[in-house]
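Chemist: mind looking at a prediction? Sequence and model below.
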Amino acid sequence: MRTPWKRSSFTALLLAAIAVTDVTAQREPETHFGLWLGGGIGGGWREGVAGPAGYLRIGGTPAEKLLIGAEVLVWTKTEDLLPNKKQINIMATALFYPLYPNTTFGSEFFLKAGAGLGIAEAELGAFSNQTGFGAAFGVGYDIRIDPNIFVTPNVDLLLQTISGETMTSILLTIGLGGH
């Protein structure tokens with residue numbers, strides 16, 4: 001036997017689902033065009049050691065499913081007597097939206113890849129001569145909060161090869177961006 005509160009809870013859930021479906025159906029389709037930019041903060045891990053991470057991105061939109069630009073990814077940790085050990089990649093980056101456009105949820109999943117300069121910093125305020133190849137691969141999800149403003153959680157694999165040594169970090173960040 002159903003109790004009145006179970007029936008009213010089911011009715012409330014049903015009405016809420018109808019209301020959400022109606023609101024998402026009325027959303028304008030998202031558009032990728034022109035200049036885009038973003039930045040975010042979070043954390044990262046390398047060899048079991050955690051530290052803060054962040055990124056800055058800027059670029060253009062040659063196609064609605066493809067964004068091309070420049071990105072700076074930074075991961076840092078404190079190591080023994082070296083207070084500012086950093087892993088920095090400055091690179092050309094492409095963001096590919098394989099499911100675009102997706103107007104159902106007002107959000108967009110993307111895949112990311114980039115390659116460029118990798119820098120390891122081991123002294124306060126000055127780059128060391130430790131430079132080499134840097135690359136990053138990642139996934140993200142743009143969650144629309146305004147027609148052209150997105151909150152974007154990201155997961156990135158940051159790679160560097162400097163003087164024959166390969167360093168790998170995993171970054172979890174959340175940022176704000178606009179198209």
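Modeler: That came through, no problem.
Chemist: grab the nearest non-local neighbour of Q130.
Modeler: Spatially, and ignoring its direct neighbours in sequence, Q130 is nearest to A120 (3.9 Å; Cβ to Cβ, 6 or more residues apart in numbering). Heads up, the C-betas are built off the backbone N, CA and C, glycines and all.
Chemist: return the list of strands paired to the host helix or strand of that neighbour, each annotated with direction.
Modeler: Element membership of A120 [criterion: DSSP states H and E] is strand 107-121. In the sheet, strand 107-121 lines up against strand 82-96 (antiparallel), strand 130-146 (antiparallel) (DSSP bridges).
Chemist: can you give me the buried ones in the first one?
Modeler: Neighbour counts over strand 82-96 (16 or more other Cβ atoms under 10 Å) mark 85-91, 93-95 as buried.
Chemist: same deal with the last one?
Modeler: Across strand 130-146, burial judged by 16+ other Cβ under 10 Å covers 131-132, 134-136, 138, 140, 142, 144.
Chemist: from these, which is closest to A115?
Modeler: Among those, A135 lies closest to A115 (Cβ to Cβ), at 4.6 Å.
Chemist: and the strand holding A120, average pLDDT?
Modeler: Mean pLDDT, strand 107-121: 87.
Chemist: could you save the strands paired with strand 107-121 as a markdown table and add columns showing mean pLDDT and distance to Q160?
Modeler: Below are those laid out as a markdown table (pLDDT from 0 to 100; distance: least, Cβ to Cβ, whole Å):
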| stretch | mean pLDDT | distance to Q160 |
| --- | --- | --- |
| strand 82-96 | 79 | 6 |
| strand 130-146 | 90 | 5 |
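Chemist: tabulate those in CSV, adding columns for distance to L73.
Modeler: Formatted as CSV, these follow (distance: least, Cβ to Cβ, whole Å):
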stretch, distance to L73
strand 82-96, 5
strand 130-146, 6
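Chemist: so which of those gets nearest E108?
Modeler: Taking the strands paired with strand 107-121 one by one with Cβ to Cβ, strand 130-146 is closest: 4.3 Å.
Chemist: then that closest one to CSV, C-alphas only?
Modeler: Provided in CSV are the C-alpha atoms of strand 130-146 (Å, rounded to 0.1, in the frame of the first residue of the first chain):
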residue,chain,number,x,y,z
GLN,A,130,66.3,22.7,-18.0
THR,A,131,64.1,23.0,-21.1
GLY,A,132,62.9,20.4,-23.5
PHE,A,133,59.8,18.9,-25.1
GLY,A,134,56.4,19.3,-23.4
ALA,A,135,53.1,17.8,-24.2
ALA,A,136,49.6,17.4,-22.7
PHE,A,137,46.6,15.3,-23.3
GLY,A,138,43.3,15.7,-21.6
VAL,A,139,39.6,15.7,-21.4
GLY,A,140,37.2,18.3,-20.2
TYR,A,141,33.6,19.3,-20.0
ASP,A,142,32.2,22.8,-20.6
ILE,A,143,29.1,23.4,-18.3
ARG,A,144,27.3,26.4,-19.6
ILE,A,145,26.3,29.0,-17.0
ASP,A,146,25.7,31.8,-19.5
